[in-house]
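K.L.:
Okay, sequence plus prediction incoming.
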Amino acid sequence: MSDKPSQLPYIHLLRHKSFLNLLFLFLIQSSNILVSIVAMPVLIRVVGVEEFGRINLAFSVVLLFNVLVGFGYNLSAPKSIALNQGNIQALSEKVSEILWSKLFLAFTSLIIIGILGFVFGFFEDFLLVLWWSTVLLFSEATTSVWFFQGKERLQWVSVINVITKLAYLLLLVWCIKNASDSYLSNFFLGLTALLGNVGLLFFVHFRMNIRLIGPKFSRVFQSLKENVLLFLSSLASHIAINGGLIILSFFASAAVLGPYSIAERIAMVLRMAPVLISQAVFPRASILYYQEKRKFFSFLAKVELATLTIGLLIIVFIQISAPYIIALIAGENLENAVLFLKILSFIPLVSGLNLGNMLIILVTDQKKVLFNSTWVFSIYMLAASLVLTQAYGGLGLAIALISTEIIIFIITTILLNRKKPSTVSQFYRALFSGHSYS
């Protein structure tokens, strides 16, 4: 009779690549969260709530341009890497193609921001902060998380991320002494990330034998053409998720913008939970779909249920602890910020509803479904945000963002069911019945 410990199945789970992917992505994001928690009160105490609102606004503008720089490669590249893991030549070509494409887009974005700001007078209230924030464009262009995600080897990314975030925090404490130094905040964030990304690219080249092939503009433009629908989808999604702060700046004073910025920054960190899970399981889901399709649906159902459970736990935690979190970060009791945070805490749960749909779209390469659904709900978000923000300020914006997540789920389910009815029905059958396809 065997005396094997009963924990062995759990040990096997701990060695599963998807779990390890999730673990290292969690380490990456948890270090980001920890630094955000420490950095926000440091910045607010030094530069003030209103100036922090300007820093966050500049960060939001750069993030919008980073969607252009990313050009949907975070959605398409991990799958390409996962399906070509044993082919060094194919990996070298893909890495080079993506790197040169993103650098081209980063320089293009820099020129656009410069023209808008210095020639046409846009961003007047925070142009200095914004211009120094443009280093974030190049940290986005050089990131290689998508490569390690596809290889399911994120340990080195997590280590480098922790180091760069600690360096950023130290620079923040040492160099930012008053409100006039606020332009350095996003600059240090981008600079440390850029240096870490360059180090990872050297690692990819020398330790993983991935060669950087010189830029071929025909391949760059072909790559951009292939990814244009994913880019437009990412742009629409980003506008729907992150465009609220910019809309609020049109209607609210800095006294309202500051507290909302604090609550939104925390809420967007919490919203990373379903995104994190999706990124972690995407390579494994792609392999299962093409190699063991029957197991794919059971795997996807388990992931969906885990995501919704985490969303519920986040809501309970924030409803109880919101006043303490805001007081810790802002150094004072901001009732508006507490209310905003409590409402926004529902976003991780409602955004998690669409996780299964998104993974089906990505693994089955349904770019048109993604494009159509994201633009429908982004138009809804803009309309709802404009109306509700003008009427109710930050409270209206928070409600608009939650309702947008629900619209995302409904529209995506309808459009996906039209294209892949069998796939959708098998997924929801596995989700609600608990039936295993393995």
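P.N.:
Here it is on my side, so go on.
K.L.:
Contact partners for Val67?
P.N.:
Residues counted as contacts of Val67 (CB atoms under 8 Å, 6 or more residues apart in numbering) are 231, 234-235, 238. Placement of C-beta: from N, CA and C, glycine included.
K.L.:
Angles on the backbone of it, please.
P.N.:
Geometry field for Val67 lists phi and psi as phi -60, psi -40, criterion degrees, to the nearest 10.
K.L.:
sorry, back to before: out of the contacts of Val67, which are buried?
P.N.:
Buried positions within these, assessed by neighbour count (16 or more other CB atoms under 10 Å), are 231, 234-235, 238.
K.L.:
from the contacts of Val67, which ones fall inside helices?
P.N.:
231, 234-235, 238 (DSSP state H).
K.L.:
any idea which of those is closest to Ala167?
P.N.:
His238 (27.0 Å; CB to CB).
K.L.:
Does that closest one touch Phe65 like I think?
P.N.:
No: using CB atoms under 8 Å, His238 is not in contact with Phe65, being 10.0 Å away.
K.L.:
tally of neighbours for the residue nearest to Ile310 when sequence neighbours are not counted?
P.N.:
Sequence neighbours aside, Ala273 is the residue nearest to Ile310 in space, at 5.3 Å (criterion: CB to CB, 6 or more residues apart in numbering). With neighbours defined by other CB atoms under 10 Å, the count for Ala273 comes to 22.
K.L.:
I'd assumed Ile314 was in contact with Ala273.
P.N.:
Yes: Ala273 lies in contact with Ile314 (CB under 8 Å); the separation is 6.6 Å.
K.L.:
domain assignment for this protein?
P.N.:
Structural domains of the chain, as assigned by automatic domain parsing, span the residue ranges 14-226, 230-438.
K.L.:
Adding mean pLDDT, write the ones you listed out as CSV.
P.N.:
Rendered in CSV, the data for those read as follows (pLDDT from 0 to 100):
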stretch, mean pLDDT
domain 14-226, 88
domain 230-438, 86
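K.L.:
Just the closest of the contacts of Val67 to Lys79, please.
P.N.:
Lys79 has its nearest neighbour among the contacts of Val67 in Ser234, at 15.0 Å by CB to CB.
K.L.:
Hmm, Gly72 and the closest one touching each other?
P.N.:
Yes: using CB under 8 Å, Ser234 is in contact with Gly72, at 4.9 Å.
K.L.:
ok, Val424 to Gly48 distance?
P.N.:
As defined by CB to CB, to the nearest Å, Val424 lies at a distance of 50 Å from Gly48.
K.L.:
Let me see the ranges of the strands in this structure.
P.N.:
If DSSP state E is used as the criterion, the chain turns out to lack strands entirely.
K.L.:
one step back: in contact with the residue nearest to Ile310, which residues?
P.N.:
When the contact criterion is CB under 8 Å, 6+ apart, the partners of Ala273 are 307, 310-311, 314, 348, 352.
K.L.:
Quick one: residues contacting Ile402.
P.N.:
Contacts here follow CB under 8 Å, 6+ apart; on that basis Ile402 touches 343-344, 346-347, 350.
K.L.:
got JSON lines for these, with distance to Ser144 and neighbour count too?
P.N.:
Conversion of these to JSON lines gives the following (distance: CB to CB, whole Å; neighbours: other CB atoms under 10 Å):
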{"residue": "Ile343", "distance to Ser144": "36", "neighbour count": "20"}
{"residue": "Leu344", "distance to Ser144": "31", "neighbour count": "26"}
{"residue": "Phe346", "distance to Ser144": "34", "neighbour count": "23"}
{"residue": "Ile347", "distance to Ser144": "28", "neighbour count": "25"}
{"residue": "Val350", "distance to Ser144": "31", "neighbour count": "21"}
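K.L.:
Just the residues you listed: which are in helices?
P.N.:
With helices identified by DSSP H, the entries of those that belong to them are 343-344, 347, 350.
K.L.:
Just the closest of these to Gly356, please.
P.N.:
Within these, proximity to Gly356 (CB to CB) peaks at Val350, which comes in at 13.8 Å.
K.L.:
where does Gly48 fall, phi/psi-wise?
P.N.:
Dihedral angles of Gly48 (phi, psi; degrees, to the nearest 10) stand at phi 90, psi 160.
K.L.:
That one and Ala179: what is the separation?
P.N.:
Counting by CB to CB, the separation of Gly48 from Ala179 is 6 Å.
K.L.:
Look at those two and report which has more neighbours.
P.N.:
Gly48 (16 against 13).
K.L.:
In contact with that one, which residues are there?
P.N.:
Remark: with contacts taken as CB under 8 Å, 6+ apart, Gly48 is in contact with 179, 258.
K.L.:
Tell me where the stretch 51-200 of the chain has helices.
P.N.:
In the stretch 51-200 of the chain, the segments counted as helices under DSSP state H, counting those that start in this stretch are 73-83, 88-114, 127-133, 135-142, 145-151, 155-175, 184-207.
K.L.:
Quick check: which of the ones you listed is nearest to Ser403?
P.N.:
Proximity to Ser403, assessed across these by CB to CB, is greatest for helix 73-83 (24.4 Å).
K.L.:
and that closest one, what other elements does it pack with?
P.N.:
The contact analysis (3 or more CB pairs under 8 Å, 6 or more residues apart in numbering; DSSP states H and E) places helix 73-83 against helix 88-114, helix 145-151, helix 228-242, helix 254-291, helix 355-363.
K.L.:
So which other helices or strands are in contact with the shortest one?
P.N.:
It stands for helix 145-151. Other helices and strands packing on helix 145-151, by 3+ CB pairs under 8 Å, 6+ apart, are helix 17-47, helix 73-83, helix 155-175, helix 254-291.
K.L.:
redo that, cut-off 6 Å
P.N.:
Packed against helix 145-151 by the contact rule (3 or more CB pairs under 6 Å, 6 or more residues apart in numbering; DSSP states H and E) you find helix 73-83.
K.L.:
Please give the centre-to-centre distance between the helix it packs on and its chain.
P.N.:
16 Å (CA atoms, centre = their mean, to the nearest Å).
K.L.:
likewise stretch 340-358?
P.N.:
For stretch 340-358 - counting by CA atoms, centre = their mean - the centre lies 13 Å from the chain centre.
K.L.:
Can you measure across it, start residue to end residue?
P.N.:
Across its full length, stretch 340-358 reaches 27 Å end to end, with CA to CA, to the nearest Å as the criterion.
K.L.:
Which residues does it contact?
P.N.:
In this structure, residues lying in contact with stretch 340-358 by CB atoms under 6 Å, 6 or more residues apart in numbering are 260, 263, 266-267, 270-271, 273-274, 278, 300, 304, 307-308, 311, 314-315, 318-319, 322, 394, 398, 402, 405-406, 408-409, 412-413, 416, 427.
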